[in-house]
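Q: Quick check, what structure comes out for this input:
(one chain, ligands or ions: 1)
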Amino acid sequence: MKYIVIIGDGMADLPITELGGKTILQAANKPNMDYMAEHGRSGLAVTVPEGFSPGSDVANMSIFGYDPAVYYTGRSPLEALSMGVSLQGNDLAFRTNLITIGNADGTVGADGPVLNDAYIIDYSGGHITSEEAEELIKAVDKELGNSRFKFYPGISYRHLLVAQDNYGKELMFTPPHDITGKKASDYFPKGDGDAAQVYLDMMAASYAVLKDHPVNRKRVAEGKLPANCIWFWGQGNAPKFELFEKIHHKTGAVISAVDLLKGIGICAGLDVIEVEGATGFLDTNYMGKADAAIDALKTKDFVFVHIEAPDECGHIGDYQKKMQAVVDLDSKIVAPLLEYAKSLNEPCRILVMPDHPTPVALKTHTSDPIPFVLYDTREINADGVLVYDEYSARNGSLGEIYAPDLVSLMIDSENE
Ligand SMILES: O=C(O)[C@@H](CO)OP(=O)(O)O
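A: This is a model prediction of the structure:
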C-alpha cells in the first residue's frame, strides 16, 4: 500500500458573492478532486485543537499525525530546523517577516511613516523573492544583530531571529497576516518587563535600515512594494517529535516550498525533498513537485505534498487568484498523482485537504473544521458524496475526525 497526502494550504473558504454564493471549492473546475470524492470517502477534520490559534504550524502538525496539544513548542523553531539552525537549550526562535508598512490609505511613503505611526500594508513585503530578502536580512543582522540576537534569511518573506536565554518567551506577538490594513501600534509586542520594548525597538530600527536599501529602491522603481520593516511573531523553543516511522512503521517524505512544512518533516524523521523552482506562490514548480512525489513513492510508503499558494491568495483577498491556485492544484498535482496511483500494481490511498480555511473575505485563517477526501485506488468504499467541497464533505461517511488521527485511519483501515 502507498499513501499520498496532498495539502492545499488555506484552500477552504466561505461563500463568495461574486461566485453566486459558492465557495471556491464549489465553483472551481476540479475534476480530479471531485472524482476522488465520487469514488472515495469524505469527511471533516479538526486540524486546530481548542485553545490554539489557527496557524499552519498546528494545523499541519495535526495532518502529519502529531497532536499539537502534545508536541507543539511554537512555529519558528520548526522553521529553524529546516533552515539548518540548531536551537540549544534556552535559544528562542522568532519568525521574522519582512513586511511593508505605510500610510492608512495603503500608500507607502518614500520616507515615512515610521513604525510607530504606520499601518501594516503587506505581511509579505510584496511577496519579495528569497534572493532579495537575503540581502535585506543580512543588512538587518549587520545593524541589529549582536551576542543576544542573530538573524537568519529564509524563504521569501519568512525569516528567523534566534534570541538567547528565552528572552521574551512569554511576550504576546501578533502574526502580521492577521492585521493587514491595521495600525501597527495597536499590535505591538505585549508583556511584562523591558523585553517588549527591546523587540519593538528592533522592529522600529529596521525601518531605517531597510527603507532606502538598494533592493527596496529597485523594487519601488519596478512598481513593487518595498519590504521596509521586520515583524516578529511565532516564537518558541526546539521541538521534539517521536519519529513517524517509529509510530506508524511506515517510511515517508515531504515536499514543500516553505520551511514550516520541511521543518515538521525533519522533526518527524521524514525525508525532505527539495524541488527547484518551488516558490510557495502561484508561480511554483507544480510539475517538479508532482514528479518528486512520484519518485519518492518508489522508495517511501508515504509522501506529503504541500502547496502554499491557496493560502497566500486568501491572505491577499483575491478570490480569482485563489480559484486559480485551486484549479492548478487539481490539474497539476492531483491529476498526475491520481493517474500514477492508479498505475501502481498495489493499492494506493490519496488524502486531499487544506490545513485550515483562509477565507478571502477575512484575509486570514480560521479554525473551522476542513473538508477532506480519502480515495483508495481499489474504489471499495465510495460513500455517495459526488464532489469535493466544504458542504458536500459534511455528508461523508467519515464524519468529523480529529486530524492527528487521519494518518492512522489511512493505515489502520487498509481494507475498509
Ligand atoms: O508563512 C506564513 O507566514 C503564513 C502566512 O499565512 O503561511 P502559512 O500560514 O501557510 O504558514
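Q: The residue nearest to Asp368 when sequence neighbours are not counted: neighbouring residues, count only.
A: Residue nearest to Asp368 in three dimensions, not counting chain neighbours: Pro357, with 5.3 Å by C-beta to C-beta, 6 or more residues apart in numbering. Quick note: C-beta positions are derived from backbone N, CA and C, even for glycine. Pro357: 28 surrounding residues under other C-beta atoms under 10 Å.
Q: Pro357 and Ile121: what is the separation?
A: 24 Å (C-beta to C-beta, to the nearest Å).
Q: same deal with Glu245?
A: Taking C-beta to C-beta, one finds Glu245 at 44 Å from Ile121.
Q: again with Tyr286
A: Counting by C-beta to C-beta, the gap from Tyr286 to Ile121 is 29 Å.
Q: These two - which one has more neighbours?
A: Ile121 (24 against 21).
Q: Report the mean confidence score over the helix or strand harbouring that one.
A: Using DSSP states H and E, Ile121 sits within strand 119-122. Regarding strand 119-122, the rounded mean pLDDT is 98.
Q: now the helix or strand hosting Ala208: how far from the chain's centre is it?
A: Following DSSP H and E, one finds Ala208 within helix 195-210. For helix 195-210, the separation from the chain centroid amounts to 26 Å (computed by C-alpha atoms, centre = their mean, to the nearest Å).
Q: Show me what the next helix or strand after that helix is packed up against.
A: Beyond helix 195-210 on the C-terminal side, the first helix or strand identified by DSSP H and E is helix 214-221. Contacts defined by 3 or more C-beta pairs under 8 Å, 6 or more residues apart in numbering; DSSP states H and E place helix 214-221 against helix 130-144.
Q: mind listing the strands for the stretch 301-416 of the chain?
A: 302-307, 348-353, 370-376, 400-402 (DSSP state E, counting those that start in this stretch).
Q: among these, which is nearest the ligand?
A: strand 302-307 (8.6 Å; C-beta to the nearest ligand atom).
Q: quick one: the residue in the stretch 251-400 of the chain that the ligand sits nearest to from Ile120, how far?
A: Nearest residue of the stretch 251-400 of the chain to the ligand (C-beta to the nearest ligand atom) works out as Asp311 at 4.3 Å. As judged by C-beta to C-beta, Asp311 and Ile120 stand 18 Å apart.
Q: For the closest residue to the ligand within the stretch 101-250 of the chain, list the residues it contacts.
A: Across the stretch 101-250 of the chain, no residue is closer to the ligand than His177, which sits at 4.3 Å (C-beta to the nearest ligand atom). By C-beta atoms under 8 Å, 6 or more residues apart in numbering, the contact set of His177 is 123-124, 315, 363-365.
Q: Quick check: of the residues you listed, which lies closest to Arg75?
A: When these are compared for distance to Arg75 (C-beta to C-beta), His365 comes out closest, at 12.3 Å.
Q: can you map out the strands along the stretch 51-200 of the chain?
A: So, for the stretch 51-200 of the chain - with DSSP E, counting those that start in this stretch - the strands run 92-102, 119-122, 149-155, 158-163.
Q: okay, now the nearest residue to Gly191 once chain neighbours are set aside: neighbour count?
A: Once flanking residues are discounted, Gly191 sits nearest to Leu171: 3.7 Å by C-beta to C-beta, 6+ apart. Neighbour count of Leu171, defined by other C-beta under 10 Å: 20.
Q: Can you mark which positions in stretch 145-156 are buried?
A: Buried residues in stretch 145-156, counted by 16 or more other C-beta atoms under 10 Å: 145, 149-156.
Q: does any part of that stretch sit near the ligand?
A: No - on the criterion C-beta under 6 Å from any ligand atom, stretch 145-156 is out of touch with the ligand, staying 8.2 Å away.
Q: What average pLDDT does that stretch get?
A: Here the average pLDDT along stretch 145-156 is 97.
Q: Restrict it to CA atoms and write it as PDB.
A: The C-alpha trace of stretch 145-156 is given here as PDB (Å, rounded to 0.1, in the frame of the first residue of the first chain):
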ATOM      1  CA  GLY A 145      22.400  41.500  15.400                       C
ATOM      2  CA  ASN A 146      24.700  41.000  18.500                       C
ATOM      3  CA  SER A 147      25.600  38.400  21.100                       C
ATOM      4  CA  ARG A 148      22.000  38.100  22.200                       C
ATOM      5  CA  PHE A 149      20.200  38.300  18.800                       C
ATOM      6  CA  LYS A 150      21.100  36.700  15.400                       C
ATOM      7  CA  PHE A 151      19.100  36.900  12.200                       C
ATOM      8  CA  TYR A 152      18.900  34.200   9.500                       C
ATOM      9  CA  PRO A 153      17.400  34.500   6.000                       C
ATOM     10  CA  GLY A 154      14.700  32.100   4.900                       C
ATOM     11  CA  ILE A 155      12.100  31.800   2.100                       C
ATOM     12  CA  SER A 156      10.600  34.900   0.600                       C
END
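Q: Can you name the residues that contact His39?
A: 375, 379, 382.
Q: follow-up on the earlier one: mean neighbour count, the strands of the stretch 51-200 of the chain: which tops it?
A: Compared across those, strand 92-102 shows the largest average neighbour count, a mean of 28 (mean count of other C-beta atoms under 10 Å).
Q: per-residue confidence averaged over it?
A: Strand 92-102 comes out at a mean pLDDT of 98.
Q: Strand 158-163 and that one, what's the angle between them?
A: Here strand 92-102 runs at 130 degrees with respect to strand 158-163, directions being taken by axes from the mean of the first three to the mean of the last three C-alpha atoms, to 10 degrees.
Q: ok, Ala133 touching His127?
A: No - Ala133 is not in contact with His127 according to C-beta atoms under 8 Å; the separation is 10.1 Å.
Q: Settle it for me: which of these two has more neighbours?
A: Neighbours were counted for Ala133 and for His127 using other C-beta under 10 Å; Ala133 has more, 22 against 19.
Q: now that one, nearest residue through space, not along the chain?
A: Per C-beta to C-beta, 6+ apart, closest to Ala133 is Leu98, 5.5 Å.
Q: try Gly43
A: Leu398 (3.1 Å).
Q: One more: Val326?
A: Using C-beta to C-beta, 6+ apart, the closest residue to Val326 is Ala28 (4.4 Å).
Q: Please work out how many residues are found near the residue nearest to Gly43.
A: Leu398: 21 neighbours (other C-beta under 10 Å).
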